[in-house]
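Colleague: Coordinates for the following, if possible.
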Amino acid sequence: MSRYTGRCACGAVTAAIAGDAIQVRQCWCRQCQQIAAGSPTTNAMFATDDLTIHGDLTETSYVAASGNTLTQSFCGKCGTQVMGRSSARPQFRTLRLGFLDVPNDLAPQVAIWTEDAPAWAVIDPKLEVFPRQPPPPPTA
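Modeller: Residues are numbered from 1 along each chain as shown. As a prediction, the model looks like this:
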């Protein structure tokens, strides 16, 4: 049984996630701001083995400020951002909260790359904050 499901805006890409989120992060890096219209991306990290994707994803990769290769996946038909993955952490996938169906129980716990945030950014003071790359998330 799926713990979470997801779908893009046009329905061409769907997902089923069997496990719980490992961590939920807001990312303020410049690349995330570019794909999120100037705001952070908000991402739930899941174990790669807990994720099943149906449909065709379009991908783009680049070397991020962390030095890791990041691969961003999105629906090639409607452009909905689906997930990212890092070469440093192949055991995880970071799914965009907007892709997930009713992710009401997933709220950010951590804000990362805050040194790249614009001056007008409002970062919840209750979140754990990392100016740059955070350590790996805890595993269960």
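
Colleague: Quick check: end-to-end length of stretch 99-109?
Modeller: 18 Å (C-alpha to C-alpha, to the nearest Å).

Colleague: Let me know how buried residue 110 is, in neighbour terms.
Modeller: Residues lying near residue 110 (other C-beta atoms under 10 Å) number 17. C-betas here are computed from N, CA, C, even on glycine.

Colleague: who's in contact with it?
Modeller: Going by C-beta atoms under 8 Å, 6 or more residues apart in numbering, residue 110 touches 23, 24, 25, 26, 127, 128, 129, 130, 134.

Colleague: 10 Å instead, please
Modeller: 23, 24, 25, 26, 27, 45, 127, 128, 129, 130, 134, 137 (C-beta atoms under 10 Å, 6 or more residues apart in numbering).

Colleague: same deal with residue 91?
Modeller: Per C-beta under 10 Å, 6+ apart, neighbours of residue 91: 22, 45, 46, 47, 48, 49, 85, 136, 139.

Colleague: Please tell me which one of those residues counts the most neighbours.
Modeller: residue 46 (25 neighbours).

Colleague: is it true that that one touches residue 53?
Modeller: No. Assessed by C-beta atoms under 10 Å, residue 46 is found out of contact with residue 53, at 11.4 Å.

Colleague: what do those two both touch?
Modeller: 15, 17, 83, 93, 95.
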